[in-house]
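S.K.: Okay, structure incoming, though there's no sequence with it:
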């Protein structure tokens, strides 16, 4: 223990300026955010870039502290004095861990606790989530910085490695975007992500341990390059149709489609000309969803269009990441494939058969409960604290519920009956239409662990209701009633029931009918 | 006799370069062993293998009875290592540095530390980065001697230092030599000669010879023969004679296996009676030069 404390004290003495700068920048950020929370309407006196800078300074200073601490007893090279002194590698590593624990983990923990407390949440209730955040920062920031520091001998080398890795990731992403692929979520995505993160963390930890025991940097460097090549290879392999059909299998015989989907005639006037010089022509294919059972939700994960013309041409789009949410009731949506302009020119006058495949996830509501909204902030079980009429509300027609949740944004479905809205009538409409309005959190998945990594462990989000206008009003001029204090709302948790796919066909379609008219720019 | 350092067929390769090429070395306990050799002969590599800074490619190396690959941690409480290009924590002051390393060593002697600081005239309140190279070497040596190590390993500690600093370093070292084995690599043959008890000559990663300084000095002589007339030079000489040259009636050579009776009778056998025979003891530097030239002409 003595050796651990000696090395730790030496590091503190050496890096006191960096430690002080890190603590000060984090303190300034905490103070700034709390000030803004306390004065939401008057806190705009600090420019956004300054606040952004304060926010990034904390993590940057943590990275710097990790790098400086590890490299103070450099693990690369053959001239370090400490190598021929009675250092024990376990104690050296423990001293560095203690340093990081006190000057990276502890400040983050304290910041988390301050923000939780200030947001009205008891930190002791969320201890598991707070520890999860600590684990996350170890995986996301500390281990990468420590492993890079362990295979380099100077800060400049770490920066060069980081820039190199960043450029490599950008290049791989750039090449990957050129490859036709279907980045649609599959049922196995969450588990494979967790496995990938686990492997990533283990590999980084392995590099650090290897360097502390062996001090042979070429092997971990080669390992990093090898892993980067493997990852690049993996990310450049497009998802195959087989993988998609395994993730979203067609409905089995006798299995009922949970909703009806049908193509409807296109509204817009025909536009027979493709844009001159454009290589692609965008189509707009309207479809209507209906008939979904109450207490259900369908999310269209991806769509794909196959076009066969009678003169023998065929086109199949890549899987398009959709994300359309289908609630009970009718809903019109558009499928937007892009086809080659050559293909369009050769087929626009020929009747075509269009087949649209929908890969979807069906959810059912569970843990359904009804609450009545109140003026100001009110607690919502399983969500956190919400409001419908605070100064943060942006729109006068009340179609948003604002919420803040501790640690992470929970997957949540919300609906209310417009007939029970307590909002004043708008635009002289004498009678509120009888309908249900729906909304949900952006993510319906609950596999992200107990908390999301961040200095502020509070997730603020808006639940914005769909269907702003009265669907019975053909002119789209009447707003639907919203949520005001006193309006009862129903909350539930989405539960995945199945992943599946279905198809519809449009026979004898003229592609030119599906080309949207060009946007006209009015000159004044 | 026990040995503080022992290597057997030690090989260290850096890609295609053989830095050590089957090194067999034995450093007797209590000796002051000087490892000398030309640049690139493998002296520093040998020391770094012994200190477990480099891993050997093959062969064996032992330090204080421990395989070099296990030389780490507490074993360094018995080994004081100083190298000319070692990176010290430059941001520390001299007193902070000594205070930092002190608790690592259970045998640290505060009186000895003070004595060394005084003897080396070290400024306690100056940062290491503000010190000259010589002063930094003295700080490193003070920190490597103050815990009374059993083995002191010095890699080129004297190179580039002014004579005064060199003398101070050597004096400091000799004071400790009575209770430790000293293993020192150096180019500075003249300085080594004054205090080394053993010497090893490393060439191309191999030990050309290794022996006690006394026996080395005893077996090498510069021989000058003066004849009444120009002698006839035979084509063949005894194997121990090196660099035979003649100028008129004078013949000179280096005898590497000197014995007054033996060498005198060999001279008579080769040249007959000489008018005058002079045997002059050689400096270490002259011996190495003679050997290096002989090897070069052989190769």
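M.R.: Nice, I can see it. Everything numeric in this text was worked out from a predicted model, so none of it was measured.

S.K.: Residue 174: which element?
M.R.: Answering for chain A, as no chain was given. Taking DSSP states H and E as the criterion, residue A:174 maps to helix A:155-178.

S.K.: ah, I was thinking of chain B
M.R.: helix B:163-177.

S.K.: Do any residues in the following helix or strand past that helix lie close to chain A?
M.R.: Tracing the chain C-terminally past helix B:163-177 and defining elements by DSSP H and E, one meets strand B:181-186 next. No. Strand B:181-186 lies out of reach of chain A by CB under 8 Å from any CB of the partner chain, never closer than 13.1 Å. (Glycine included, C-beta is placed from N, CA and C.)

S.K.: Pick out the residue of the stretch 401-524 of chain A closest to chain B.
M.R.: Residue nearest to chain B within the stretch 401-524 of chain A: residue A:455 (30.5 Å; CB to the nearest CB).

S.K.: so where is the stretch 101-250 of chain A shaky, pLDDT-wise?
M.R.: Applying pLDDT under 70 to the stretch 101-250 of chain A flags residues A:180-191.

S.K.: What ranges does the stretch 101-250 of chain B have for its helices?
M.R.: With DSSP state H, counting those that start in this stretch, the ranges of helices along the stretch 101-250 of chain B come out as B:110-119, B:133-145, B:163-177, B:189-195, B:213-219.

S.K.: which strands and helices sit next to the longest one?
M.R.: Yep, that's helix B:163-177 we're talking about. Applying 3 or more CB pairs under 8 Å, 6 or more residues apart in numbering or on different chains; DSSP states H and E, one finds that helix B:163-177 makes contact with helix B:110-119, helix B:133-145, strand B:151-155, strand B:181-186, helix B:189-195.

S.K.: what's the nearest residue to the residue most central in space within chain A if we skip its chain neighbours?
M.R.: In chain A, the residue lying closest to the centroid (CA atoms, centre = their mean) is residue A:443, at 7.4 Å. Once flanking residues are discounted, residue A:443 sits nearest to residue A:411: 6.1 Å by CB to CB, 6 or more residues apart in numbering or on different chains.

S.K.: so the one you found sits in a helix?
M.R.: No. Residue A:411: not assigned to a helix; according to DSSP: H, G, I helix; E, B strand; the rest coil it is coil.

S.K.: which residues does it contact?
M.R.: Neighbour list for residue A:411: A:440-441, A:443-446, A:493-494 [criterion: CB atoms under 8 Å, 6 or more residues apart in numbering or on different chains].

S.K.: Pull out the buried residues from the very next helix or strand once past the helix holding residue A:174.
M.R.: Next along the chain after helix A:155-178, taking DSSP H and E as the criterion, comes helix A:189-214. For helix A:189-214, a neighbour-count test (16 or more other CB atoms under 10 Å in any protein chain shown) marks A:200-201, A:204, A:207-208, A:210-212 as buried.

S.K.: and the two most separated of those residues?
M.R.: For the buried residues of helix A:189-214, the farthest-apart pair by CB to CB is A:200 and A:212; their separation is 19.2 Å.

S.K.: Strands along the stretch 1-150 of chain B, start to end?
M.R.: Counting by DSSP state E, counting those that start in this stretch, the segments of the stretch 1-150 of chain B that form strands are B:3-14, B:17-28, B:32-36, B:58-63, B:66-67, B:79-83.

S.K.: And the fifth one, what does it pack against?
M.R.: Read that as strand B:66-67. With 3+ CB pairs under 8 Å, 6+ apart as the test, strand B:66-67 has no helix or strand packed against it.

S.K.: Report the residue spans of the chain with pLDDT below the cut-off.
M.R.: Answering for chain A, as no chain was given. A:40-46, A:180-191, A:268-277, A:389-398, A:425-433, A:447-448, A:467-479, A:518-524.

S.K.: Wait, chain B was what I had in mind.
M.R.: B:1, B:160, B:298-299.

S.K.: Show me how it divides into domains.
M.R.: B:3-211, B:221-281 (automatic domain parsing).

S.K.: Of those, which stretch is the most buried?
M.R.: Among the domains of chain B, domain B:3-211 has the highest mean neighbour count (mean count of other CB atoms under 10 Å in any protein chain shown), at a mean of 19.

S.K.: Show me how far it is from its chain's centre.
M.R.: Once both centres are worked out by CA atoms, centre = their mean, to the nearest Å, domain B:3-211 turns out to sit 11 Å from its chain's centre.

S.K.: Show me what counts as buried in the helix or strand harbouring residue A:354.
M.R.: Assigned by DSSP H and E, residue A:354 belongs to strand A:352-372. Residues of strand A:352-372 classed as buried: A:352, A:354, A:356-365, A:371 (neighbour count, 16+ other CB under 10 Å).

S.K.: Could you do stretch A:123-130 as well?
M.R.: Applying 16+ other CB under 10 Å to stretch A:123-130 flags A:123, A:126, A:129-130 as buried.

S.K.: residues touching residue A:11, list them.
M.R.: Contacts for residue A:11 were tallied using CB under 8 Å, 6+ apart; they are A:69, A:72, A:95-96, A:99.

S.K.: can I get those residues in CSV with secondary structure, distance to residue A:23 and neighbour count?
M.R.: What follows is the contacts of residue A:11, written out as CSV (DSSP: H, G, I helix; E, B strand; the rest coil; distance: CB to CB, whole Å; neighbours: other CB atoms under 10 Å in any protein chain shown):
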residue, secondary structure, distance to residue A:23, neighbour count
A:69, helix, 15, 28
A:72, helix, 19, 20
A:95, helix, 20, 23
A:96, helix, 19, 24
A:99, helix, 14, 25
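
S.K.: now, among those residues, which is nearest to chain B?
M.R.: Distance ranking of those against chain B, using CB to the nearest CB, places residue A:72 first at 7.7 Å.

S.K.: The helices and strands packed on helix B:163-177 into a markdown table, with extra columns for distance to residue A:59?
M.R.: Compiled in a markdown table, the helices and strands packed on helix B:163-177 are given as follows (distance: least, CB to CB, whole Å):
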| stretch | distance to residue A:59 |
| --- | --- |
| helix B:110-119 | 43 |
| helix B:133-145 | 37 |
| strand B:151-155 | 42 |
| strand B:181-186 | 47 |
| helix B:189-195 | 54 |
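
S.K.: Cool, thanks, signing off.
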